[in-house]
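In: Give me coordinates for this.
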Amino acid sequence: MNVKNMKDKKVLIVGLGKSGIAAAQAMLRLEAEVHIQDAKKEENVDPQLRAFLKEKGATCYFNRMPADMGYFDMLILSPGVSPELAFVQEAKEKGAEIIGELEIAYRIGSGNYVAITGTNGKTTTTTLVGEIFKAAERKTYVVGNIGVAVISASIDAPEDAWLVTETSSFQLETTRYFKPVVSAILNLTPDHLDRHHTMEAYGGAKAMIFANQQADGYTVLNADDPACYRLAAKGCKAKVVPFSRTKKLDFGAFVEEGQIVIRNEAGELVSFCMADELKIIGSHNLENALAAAAICYFAGIEPSVIAEVLRTFGGVEHRIEYCGMVDGVKYYNDSKGTNVDAAVTALRAIGKNIILVAGGDGKGQDFDPFLAGFDGSVKHMLLLGKDAPLLQASADKVGFTDYTLVKDMEDAVRKAYDMAEEGDTVLLSPACASWDMYQNYEQRGDHFKECVERLQK
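Out: Okay, here's the model as predicted:
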């Protein structure tokens, strides 16, 4: 659906983050009448951005609401804005269409979409699929929840381009016509229930990814995750391609005798590479690789190209990222492990002999299950940040006594180096957000890597 005629449409963009800014730029280019609402005070908005919007004639409502919500033809919501907010519902009742940046990007742009969602693994799988598409010499944009606004690419994308898109439930819940060629749902576990309220509603938002696909499309689903696989019953008309890490399939992607394979629609078995050739570690990354292989194969990419990238893909920065070896000890940066579930995934991927660096802003999480789940994998834990005392209390409660409180990252890495023995792994997987000590998890991960680099000199 390519609808570029937005001239003189009265559009209110809600939220001035990355996607909101990109949507505003696109709507101004298309000569819409642009209005912007954001909860921030005017003095907290970048002065250059304010000057740009003023110069282009956009009307801004900073820390206030428009007087008449019935004035607008359309509201474009940023992903963090709930459609349930009272002023959004008021605009809807008065006739405005309520959509998000993903939907408007699809409408005004060109190109073919691959859309990937799931509770976990989206970024790794999207990045891997993007690398395979690039290796196949397709015009490729890797966009979406991964950090690049979809609309910033779609508005100029040629017809033969591919937009490999990481999509969140927040982005999907405001779609209406969005229709990828291949979609994928990697898994489904409780998340964002403060927004969606129930698992059924959360799953329903995820299922919007295939809502408009027809029999000529494909949707890739995790056959090992019953909640995920059951989503196909929510009106999926596309060809369902299952993937499984644990069982052989009559159709789809799976592991046979240690090899990643796909059984295609003709019943032929197509081999890619050995599972142990993957550079990304852990059972969750094997699932990500299976999903990526299926997505790319059914998008028409040659198996040899898929296989080569599977073998060489080194993973995503800050997600169980290998940082090097010092004196026989491996160092991994998993700064993206900002909650207990993500950190547990990293521990399982490494497996044993772990010296764990953890702590930060725990966001009110219960750390008891995290500590109880170490199951002998963690030799010692180094605790830093605001909620280090809470992790310490949980450790004491479950009887884990091998921990040390440290003052900062430099102290943590130095103490880890001093106590590590050949064959150990030092893992930064904080199970906490970074806001107490850093601007974001990327800055935290970069600091960890800098500390490790100093050990190597």
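In: Walk me through the domains of this protein.
Out: Listed domain ranges for the chain are 10-102, 109-312, 321-455 (source: automatic domain parsing).
In: Dump these to CSV, plus mean pLDDT and mean neighbour count.
Out: Any C-beta I mention is one placed from the backbone N, CA and C, and that applies to glycine too. Output for the domains of the chain, formatted as CSV (pLDDT from 0 to 100; neighbours: other C-beta atoms under 10 Å):
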stretch, mean pLDDT, mean neighbour count
domain 10-102, 95, 18
domain 109-312, 93, 20
domain 321-455, 95, 19
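In: Do a quick rundown of the strands in the stretch 51-200 of the chain.
Out: 59-62, 74-77, 97-100, 112-117, 140-144, 162-166, 182-185 (DSSP state E, counting those that start in this stretch).
In: Compile those into JSON lines and extend it with columns for distance to Ile151.
Out: Below are those laid out as JSON lines (distance: least, C-beta to C-beta, whole Å):
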{"stretch": "strand 59-62", "distance to Ile151": "19"}
{"stretch": "strand 74-77", "distance to Ile151": "9"}
{"stretch": "strand 97-100", "distance to Ile151": "10"}
{"stretch": "strand 112-117", "distance to Ile151": "13"}
{"stretch": "strand 140-144", "distance to Ile151": "9"}
{"stretch": "strand 162-166", "distance to Ile151": "10"}
{"stretch": "strand 182-185", "distance to Ile151": "19"}
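In: I'd say Gly80 and Ser19 touch.
Out: No - judged on C-beta atoms under 8 Å, Gly80 makes no contact with Ser19 at a distance of 9.1 Å.
In: what's the closest of the strands of the stretch 51-200 of the chain to Ile280?
Out: Of all the strands of the stretch 51-200 of the chain, strand 112-117 sits nearest to Ile280, with 15.6 Å by C-beta to C-beta.
In: And the contacts of stretch 278-287?
Out: 120-121, 124, 128, 186-187, 222, 224, 243, 245, 255, 260, 275, 288-289, 310-315, 320, 322, 345-346, 348-350 (C-beta atoms under 8 Å, 6 or more residues apart in numbering).
In: Cross those residues against helices and list the overlap.
Out: Of the contacts of stretch 278-287, the ones assigned to helices by DSSP state H are 124, 128, 288-289, 310-312, 345-346, 348-350.
In: now Glu302, nearest residue through space, not along the chain?
Out: Computed as C-beta to C-beta, 6 or more residues apart in numbering, the closest residue to Glu302 that is not its neighbour in sequence is Ala136, at 6.8 Å.
In: which residues sit in contact with that neighbour?
Out: Contacts of Ala136 (C-beta under 8 Å, 6+ apart): 296, 301-302, 305.
In: thinking Leu383 is in contact with Ile355, fair?
Out: No - using C-beta under 8 Å, Leu383 makes no contact with Ile355, being 12.0 Å away.
In: where's the residue nearest to Asp387 when sequence neighbours are not counted relative to Glu410, distance?
Out: In space, and not counting its chain neighbours, Asp387 is closest to Gly362: 3.8 Å by C-beta to C-beta, 6+ apart. Going from Gly362 to Glu410 by C-beta to C-beta, to the nearest Å gives 22 Å.
In: quick one: contacts for the residue nearest to Asp387?
Out: Gly362 sits in contact with 386-387, 390-391, 431-433, where contact means C-beta under 8 Å, 6+ apart.
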